[in-house]
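**Student:** predicted model and sequence follow; I will ask about them next.
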Amino acid sequence: MFKSNRSVRQWSAGKKLGMSQIYVLFCVVFMCLAGIVQSGCQSLPRFKTDRREAPVVMADPSDLRLVLQKVNEQSRRVEFLKTDARIAVDGMPGLRGDLLVERPDNLRLKAGLMGMSELGFDLGYNRDLFWVWKKVATPGDPSALFYAYHHEFRNSAIQEQLPLQPKWLLDGLGLFEFVDPAPEIRSRKDGMIDVVIREADGPRGTVRVSTVDPRRGLIVQQAFYDGQGRRVAYVDSQNYRYYPETQVSLPQRVKIHVFDASGRETKMVVDFGEFAVNSFHGDRENLWKMPNPDDVPMIDLSVQGKMEFQTETAERTSRDWGGSSIRR
């Protein structure tokens, strides 16, 4: 539990956070990118990488259950990940920072201008909650820390309007595990297969469709649909690179496409550097905890009504897919 002696504060009393801001917020670099763009920052170069293409692990991919077993085996070989990351939204200048992952539930991404998170954001995800700390303050738009407990966010007004899942960035690394012993599997003309899964712990009625390369045992796309069969997001995992010391392949680029209720799309692109796999040093206990910065409004996204936001400290008390078809 996060402790603070600060009292509950109002964030610009009566102010509303518009859907456009929430939309970019959950694409991670939301409002802080606007200030960086205005500063005239140039786009960062893409990481130079060698090939090390993912190997073929299934000479005969006709046994689809075995294919999914290969996907699961790769995921289970990964415990920790660390890498550099470059993040951009819809062609805007990029931010740069560090990504840390501890499977299955912990993620921390700090990024900013020239790699300085003080000029960017701090995003975290753990078993209980997620947060995005926007550190850059611009005129009329102060620094703020947005957060929500997963079980509360799933039933919130924002989730109803914009069914996002912060864990999609983690899923984009291709380390999803198939636990259903008899999932719906569809063969595709391009040689890929689609695995259809009803998300038991996701937003109401959410369906995940994972596209798998059966020969390499890799997830190349994950699409998410609401209860009406409307696609609300999809995540592309591209340019897999092989790490022979751990027999793991990881994507060098992840693209997250999110659609709001009106169908408007925002795309976030994350390019990764070299991954350190299962080589982790640091304070695990504090790394996955939400920060509690002084003099920064803390906004609980799950308790708002009609997009009205009030702020509080982090001290809290723990408290049929109906579509007939999937549109790709």
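**Tutor:** All right, it came through fine.
**Student:** so where do the strands sit in the stretch 201-328 of the chain?
**Tutor:** 207-213, 218-225, 231-243, 248-259, 265-272, 276-277, 298-300 (DSSP state E, counting those that start in this stretch).
**Student:** need the next SSE after the helix-or-strand element of the chain with minimal mean pLDDT, C-terminal direction.
**Tutor:** Counting by mean pLDDT, DSSP states H and E, the weakest-scoring helix or strand in the chain turns out to be helix 32-38, with a mean of 37. Of the helices and strands lying after helix 32-38 in sequence (DSSP states H and E), the nearest is helix 64-76.
**Student:** give me the low-pLDDT residue ranges for this structure?
**Tutor:** For the chain, applying pLDDT under 70 flags the ranges 1-51, 90-93, 114-117, 157-166, 200-205, 304-328.
**Student:** make it 80
**Tutor:** Regions of the chain meeting the criterion pLDDT under 80 cover residues 1-51, 89-94, 113-119, 136-141, 154-169, 199-205, 227, 260-262, 280-285, 303-328.
**Student:** thinking again about what came up before, now the strands of the stretch 201-328 of the chain in JSON lines, with distance to Asp122 and mean neighbour count?
**Tutor:** Heads up, the C-betas are built off the backbone N, CA and C, glycines and all. Formatted as JSON lines, the entries for those read as follows, by distance: least, C-beta to C-beta, whole Å; neighbours: other C-beta atoms under 10 Å:
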{"stretch": "strand 207-213", "distance to Asp122": "27", "mean neighbour count": "22"}
{"stretch": "strand 218-225", "distance to Asp122": "25", "mean neighbour count": "22"}
{"stretch": "strand 231-243", "distance to Asp122": "22", "mean neighbour count": "19"}
{"stretch": "strand 248-259", "distance to Asp122": "18", "mean neighbour count": "21"}
{"stretch": "strand 265-272", "distance to Asp122": "16", "mean neighbour count": "19"}
{"stretch": "strand 276-277", "distance to Asp122": "20", "mean neighbour count": "16"}
{"stretch": "strand 298-300", "distance to Asp122": "13", "mean neighbour count": "23"}
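**Student:** so which of the ones you listed gets nearest Lys110?
**Tutor:** Closest to Lys110 of these is strand 265-272 (C-beta to C-beta; 13.3 Å).
**Student:** for that closest one, packing partners?
**Tutor:** strand 80-89, strand 248-259 (3 or more C-beta pairs under 8 Å, 6 or more residues apart in numbering; DSSP states H and E).
**Student:** who does it pair up with?
**Tutor:** strand 80-89 (antiparallel), strand 248-259 (antiparallel) (DSSP bridges).
**Student:** need those strands in JSON lines with distance to Tyr234, can you?
**Tutor:** Converted to JSON lines, the strands paired with strand 265-272 look like this (distance: least, C-beta to C-beta, whole Å):
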{"stretch": "strand 80-89", "distance to Tyr234": "16"}
{"stretch": "strand 248-259", "distance to Tyr234": "5"}
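**Student:** picking that back up, can you put the strands of the stretch 201-328 of the chain in JSON lines and add distance to Leu66?
**Tutor:** Listed next are the strands of the stretch 201-328 of the chain as JSON lines, based on distance: least, C-beta to C-beta, whole Å:
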{"stretch": "strand 207-213", "distance to Leu66": "12"}
{"stretch": "strand 218-225", "distance to Leu66": "14"}
{"stretch": "strand 231-243", "distance to Leu66": "20"}
{"stretch": "strand 248-259", "distance to Leu66": "17"}
{"stretch": "strand 265-272", "distance to Leu66": "29"}
{"stretch": "strand 276-277", "distance to Leu66": "24"}
{"stretch": "strand 298-300", "distance to Leu66": "45"}
